[in-house]
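**Q** here is a sequence together with a model predicted from it:
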Amino acid sequence: MKPGIEEIEFHGIPALRLIGPQGSSAVISRLGAQVLSWITPDGRERLYLSPQAVFDGSVAIRGGVPVCFPQFSDRGELPKHGLVRTREWQVSARRSGDDYALVTLETSDDEATRALWPHAFRLELTLMIEADRIDLELCVVNTGAREFEFTAALHTYLRAIQVEDVALEGLHGHDYRDAANGDKVVRETGTELLVEAETDRVYRQVRRPQLLRAGNLSLGIQQQGFPDVVVWNPWVEKCAALADMPADGWRHMLCVEAAAADTVQQLAAGDEWYGRQTLVAV
Ligand SMILES: O=P(O)(O)OC[C@H]1O[C@@H](O)[C@H](O)[C@@H](O)[C@@H]1O
């Protein structure tokens, strides 16, 4: 099948399916511009989407790649992870060629966002699929007359058969803020990160790619523009407290997020900022 783009309903909401080369595909919803599925040519789903996720816009969809902006997590006065996860985005570009398909969705400030955050902005989220990879790019445009500050993330939920069998390489030597341990700042001394308990870390100023080794679901992960990498798994107890996760959900996911979480970004009036995350099946 030639690469292309189809309008579909996914769990009852409008979405786009990108057909990539060699049987690959991805789904992105207009709600939150959230990538909800990525299937590689081997037929495997690479993203985690909770079977109890809610799709009515009352809360963010649990899984895939939520877009966090203009605030990461609860590090500020705004709702957790910002304002755009439950917004309807518009499709502003779509194209495909022999070896790729690409869509861009966008959203901008309105009365509801300005009531909470008094700034004018436009966000564009571009998803491109090729045979063995997806690229996600978040573009932030300051359309107002004053500089603003923001934090942001592509909050990627990677699927794991069993998270206890996963090892994440590439973070050695970086400092991280350990949100699961009183926000202590710790230097990573291990060559691989194993998930053996609740994990909620912001690795700072990461310039190397990571390798997620997980049996035959291994992935290369790379980012540009985003300075930090967040690694999150709620483990048993915190997962049990999440209404939209099944009891064993923690076992089948690991969030490896491209983020500007601890490094606040400043954007002058009229300027644009770009952050990207690339996932490659290896
Ligand atoms: O439940 P939410 O709002 O999707 O957030 C999930 C998690 O997102 C992670 O990025 C944060 O580091 C965690 O602290 C947080 O719990």
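**A** All right, it came through fine. Quantities reported herein were computed from a predicted structural model and do not represent experimental measurements.

**Q** how about the residues of the stretch 1-150 of the chain near the ligand?
**A** By CB under 6 Å from any ligand atom, the residues of the stretch 1-150 of the chain that approach the ligand are 60, 73, 80-81. Heads up, the C-betas are built off the backbone N, CA and C, glycines and all.

**Q** could I get the longest strand seen in the chain in CSV with only the CA atoms?
**A** In the chain, taking DSSP state E as the definition, the longest strand is strand 253-267. Output of strand 253-267 as CSV, limited to C-alpha atoms (Å, rounded to 0.1, in the frame of the first residue of the first chain):
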residue,chain,number,x,y,z
MET,A,253,4.6,1.1,29.7
LEU,A,254,7.6,3.3,30.1
CYS,A,255,7.4,7.1,29.5
VAL,A,256,10.6,8.4,27.9
GLU,A,257,9.7,12.1,27.3
ALA,A,258,11.5,14.8,25.3
ALA,A,259,11.0,17.8,27.6
ALA,A,260,11.9,21.3,28.6
ALA,A,261,11.0,20.5,32.2
ASP,A,262,13.7,21.9,34.4
THR,A,263,15.1,24.2,31.8
VAL,A,264,12.6,27.0,31.3
GLN,A,265,12.4,28.3,27.7
GLN,A,266,12.1,32.0,26.9
LEU,A,267,10.5,33.1,23.6
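
**Q** what residues of it count as buried?
**A** In terms of neighbour count (16 or more other CB atoms under 10 Å), strand 253-267 has its buried residues at 253-262, 265, 267.

**Q** which residues in this protein form helices?
**A** Here the chain has its helices, by DSSP state H, at 111-116, 235-240.

**Q** E272: which of those is closest?
**A** helix 111-116 (18.2 Å; CB to CB).

**Q** export that closest one as CSV, just CAs?
**A** Extracted as CSV, the C-alpha positions of helix 111-116 are listed here (Å, rounded to 0.1, in the frame of the first residue of the first chain):
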residue,chain,number,x,y,z
GLU,A,111,-10.3,33.2,25.7
ALA,A,112,-10.1,29.9,27.7
THR,A,113,-6.2,29.8,27.5
ARG,A,114,-5.8,33.5,28.1
ALA,A,115,-8.0,33.3,31.2
LEU,A,116,-5.3,31.0,32.7
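
**Q** what residues sit buried inside it?
**A** Of the residues in helix 111-116, those buried (16+ other CB under 10 Å) are T113.

**Q** what does that helix rub up against?
**A** 78-79, 83, 120-121 (CB atoms under 8 Å, 6 or more residues apart in numbering).

**Q** wait, which of the residues you listed is closest to the ligand?
**A** When the contacts of helix 111-116 are compared for distance to the ligand (CB to the nearest ligand atom), P79 comes out closest, at 8.8 Å.

**Q** which ones are touching that closest one?
**A** 71, 116.

**Q** local confidence estimate at it?
**A** Note for P79: predicted pLDDT of 97.

**Q** for it, give its distance to V206.
**A** P79 is 26 Å from V206, where distance means CB to CB, to the nearest Å.

**Q** which residue is the nearest non-sequential neighbour of Q277?
**A** A258 (3.8 Å; CB to CB, 6 or more residues apart in numbering).

**Q** the one you found reaches V231, doesn't it?
**A** No. Using CB atoms under 8 Å, A258 is not in contact with V231; the gap is 11.4 Å.

**Q** before we move on, back to that, tell me the buried residues within the residues of the stretch 1-150 of the chain next to the ligand.
**A** 60, 73, 81.

**Q** what number of residues lie near the residue nearest to E257 when sequence neighbours are not counted?
**A** Leaving aside its sequence neighbours, E257 sits nearest to V230 (CB to CB, 6+ apart; 3.9 Å). Residues lying near V230 (other CB atoms under 10 Å) number 28.

**Q** let me have the buried ones among the residues of the stretch 1-150 of the chain next to the ligand in CSV, extended by distance to D271.
**A** Below are those laid out as CSV (distance: CB to CB, whole Å):
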residue, distance to D271
A60, 27
S73, 25
H81, 23
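
**Q** ok, back up a step: how about the contacts of helix 111-116, which pair is most distant?
**A** Among the contacts of helix 111-116, the pair separated by the greatest distance (CB to CB) is P79 and A120, at 19.1 Å.

**Q** contacting residues for the one residue in the stretch 151-282 of the chain that gets nearest to the ligand?
**A** As assessed by CB to the nearest ligand atom, the ligand sits closest to W232 within the stretch 151-282 of the chain, at 4.2 Å. Shown in contact with W232 (CB under 8 Å, 6+ apart): 199-201, 254-255, 257.
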